[in-house]
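Colleague: starting from these lines, generate the structure:
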Amino acid sequence: MRFSAETEGVAQRLREGMAGGVLSFPLTSFREDGGLDLESYRTYLTAQLAAAPGTVAPGAVFPACGTGEFTALDEDEYRAVVEATVEIAAGRLPVVAGIGYGWAQALRFARIAEEAGADALLVLPHYLVGAPQDGLVEQLRRIAAGTRLPLIAYQRGQVAFTVDGLKQIAGIPTVIGLKDGHSDLDRLQRLTLAAPDGFLFFNGAATAEIQARAYATVGVPAYSSAVHAFAPEIANAFFTAFRDGDDTTMNKLLRDFYVPLVELRDRVPGYAVSLVKAAARLRGLPVGPVRAPLTDPSPPDLADLEKILDTGLGLVSAERHR
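Modeller: Numbering: from 1, shown residues only. Next up is the predicted model:
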């Protein structure tokens with residue numbers, strides 16, 4: 001690939017980060033009245049980015065993305081969240097801000113993120129409508145033309161690239177990678193084989209640890225971790241086992257923590273974010289409620305979540321004291 005020196009520098013930092021730790025997608029803190037709670041966000045994120053003894057720091061941080069309720073933020077709130085993230089990250093790891101909607105609105109957020117000091121952008125799936133490959137490619141071309149920041153495309157929902165589409169977006173000078181949320185490993189293998197050298201891929205499936213080993217078989221070992229948003233100890237324990245090929249520990253965590261969490265997540269639409277935020281509150285983290293149209297978990301589901309979380313933390317504690 002022929003990137004500019006600046007774009008290649010960001011790509012290399014992400015490449016190294018993705019090899020050395022999970023990708024962190026922090027929650028956005030709201031008050032009970034629904035307003036942005038920036039100070040609580042700063043407190044929460046500082047803790048999220050601090051590597052506890054015996055753990056690894058995140059490879060990169062992705063503020064205001066899906067877990068961070070990007071679509072619930074107005075432009076002023078978005079700016080405040082990205083600025084705070086850049087300040088707290090302090091150059092220690094790349095900051096990749098979420099952008100989305102149609103290309104015109106995405107560019108408004110891209111320019112804010114650029115001014116706020118973000119290193120790159122994750123282009124979330126556009127709103128509602130399906131589109132042909134030419135349109136998906138043109139969407140990225142339009143965004144790339146309006147910002148100097150490197151772009152990572154996110155295929156999920158109504159966005160899915162063909163091999164030809166992937167080759168076209170990889171030819172855009174600032175498009176450096178693809179996050180996959182479809183979990184179609186046949187298609188993904190074809191995309192990785194068609195991509196130019198140095199193009200980044202990572203596993204963006206919901207609760208990505210469930211499929212981490214499967215993704216790795218097609219050359220995509222890097223993954224995002226929603227669990228890191230509320231239990232970095234568990235996320236780090238799984239990542240370490242995954243990195244080291246420790247199937248016994250991975251299977252134990254998957255069987256007793258991740259699979260029950262996914263089964264609970266699948267009960268209600270939106271729980272992929274709502275449960276993460278509820279689990280963070282159970283840990284005493286200052287993240288507040290979700291914003292509508294998401295809803296917080298029901299009392300019975302919250303009780304089940306607490307049991308699952310206690311089990312996961314117990315597994316990690318037992319592993320440490322073996």
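
Colleague: what does stretch 226-238 rub up against?
Modeller: 22, 24-27, 48, 52, 55-56, 58, 67, 206-209, 212, 225, 249-250, 253, 257-258, 261, 272, 276-277, 279-280, 282-283, 285, 309, 312-313, 315-316, 319 (C-beta atoms under 8 Å, 6 or more residues apart in numbering). Any C-beta I mention is one placed from the backbone N, CA and C, and that applies to glycine too.

Colleague: how about it as PDB, C-alpha atoms only?
Modeller: Written as PDB, here are the backbone C-alpha positions of stretch 226-238 (Å, rounded to 0.1, in the frame of the first residue of the first chain):
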ATOM      1  CA  ALA A 226     -17.100  -4.700  24.900                       C
ATOM      2  CA  VAL A 227     -16.300  -6.600  28.100                       C
ATOM      3  CA  HIS A 228     -13.200  -4.400  28.600                       C
ATOM      4  CA  ALA A 229     -15.700  -1.500  29.100                       C
ATOM      5  CA  PHE A 230     -16.800  -3.000  32.400                       C
ATOM      6  CA  ALA A 231     -14.400  -5.800  33.400                       C
ATOM      7  CA  PRO A 232     -10.900  -5.200  32.000                       C
ATOM      8  CA  GLU A 233      -9.700  -8.000  34.300                       C
ATOM      9  CA  ILE A 234     -11.800 -10.600  32.400                       C
ATOM     10  CA  ALA A 235     -11.100  -9.100  29.000                       C
ATOM     11  CA  ASN A 236      -7.300  -9.200  29.700                       C
ATOM     12  CA  ALA A 237      -7.500 -12.700  31.100                       C
ATOM     13  CA  PHE A 238      -9.100 -13.900  27.900                       C
END
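
Colleague: could you check how far the residue nearest to residue 240 when sequence neighbours are not counted is from residue 228?
Modeller: Once flanking residues are discounted, residue 240 sits nearest to residue 56: 7.1 Å by C-beta to C-beta, 6 or more residues apart in numbering. For residue 56, the distance to residue 228 (C-beta to C-beta, to the nearest Å) stands at 11 Å.

Colleague: again, but for residue 319
Modeller: From residue 319 to residue 228 the distance is 17 Å (C-beta to C-beta).

Colleague: more crowded one of these two?
Modeller: Ranked by neighbour count (other C-beta atoms under 10 Å), residue 319 and residue 228 place residue 228 first, with 26 against 16.

Colleague: quick one: pLDDT of the more buried one?
Modeller: For residue 228, the pLDDT comes out at 94.

Colleague: ok but it is inside a helix, no?
Modeller: Yes: counting by DSSP: H, G, I helix; E, B strand; the rest coil, one finds residue 228 located in a helix.

Colleague: distance of it relative to residue 10?
Modeller: Distance from residue 228 to residue 10, counting by C-beta to C-beta: 21 Å.

Colleague: residue 89 too?
Modeller: Taking C-beta to C-beta, one finds residue 89 at 13 Å from residue 10.

Colleague: what's the answer for residue 158, then?
Modeller: 27 Å.

Colleague: between those two, who's got more neighbours?
Modeller: Applying other C-beta under 10 Å to residue 158 and residue 10 shows that residue 10 carries more neighbours, namely 21 against 13.
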